[in-house]
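Visitor: I'd like to go over a predicted model; first the sequence, then the structure.
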Amino acid sequence: MSYRLRVPLELERLQDRLIGTGSADTTPHEFSNNVQRDTKTSVIGHPSHLMLVSIGMGINSEKARVALLERMIMPNKIEDAEVGNITVLNRGALR
């Protein structure tokens, strides 16, 4: 019985502490944005990861950090185009 009381309290505490955990009202697009922002934040915060990304991008680490920060502003570029009754989500490629 205590398990039933403890789990919702732990989930509420986790959602208060960590913004990206979401809730029942979180849309898939919003959740995807949170995951991508968290990943980019982690890469920026760990110098070894940032170095690997900068090597992969072929630029120095400071330019890679700035590029990741710019991508954090809008991680999922989605353009909605309505076709009849169906909404088509077109994901634009990142630079």
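Guide: That came through fine. Residues are numbered from 1 along each chain as shown.

Visitor: where are the low-confidence patches of this structure?
Guide: In the predicted model of the chain, residues 1, 19-21, 75-95 satisfy pLDDT under 70.

Visitor: mind checking the SS state of the residue nearest in space to the middle of it?
Guide: Taking Cα atoms, centre = their mean, the centroid of the chain lies closest to Q36, which sits 2.4 Å from it. In three-state terms, and counting by DSSP: H, G, I helix; E, B strand; the rest coil, Q36 is helix.

Visitor: where's it relative to L11, distance?
Guide: Q36 sits 23 Å away from L11, going by Cβ to Cβ, to the nearest Å. C-beta here means a position set from N, CA and C on the backbone, and glycine is covered the same way.

Visitor: Am I right that I59 sits in a strand?
Guide: No - if the criterion is three-state DSSP, then I59 is coil and not within a strand.

Visitor: what residues are up against it?
Guide: If a contact means Cβ atoms under 8 Å, 6 or more residues apart in numbering, then I59 has A67 as its contacts.

Visitor: so S54 makes contact with L68?
Guide: No - taking Cβ atoms under 8 Å as the contact criterion, S54 and L68 are not neighbours in contact, 9.6 Å apart.

Visitor: mind listing the strands in this protein by residue range?
Guide: Residue ranges of the strands in the chain, as given by DSSP state E, are 78-83, 86-91.

Visitor: Determine the number of other residues adjacent to T26.
Guide: As a burial measure, the neighbour count of T26 was computed by other Cβ atoms under 10 Å and equals 15.

Visitor: Tell me who's in contact with it.
Guide: For T26, the set of contacting residues under the criterion of Cβ under 8 Å, 6+ apart consists of N34.
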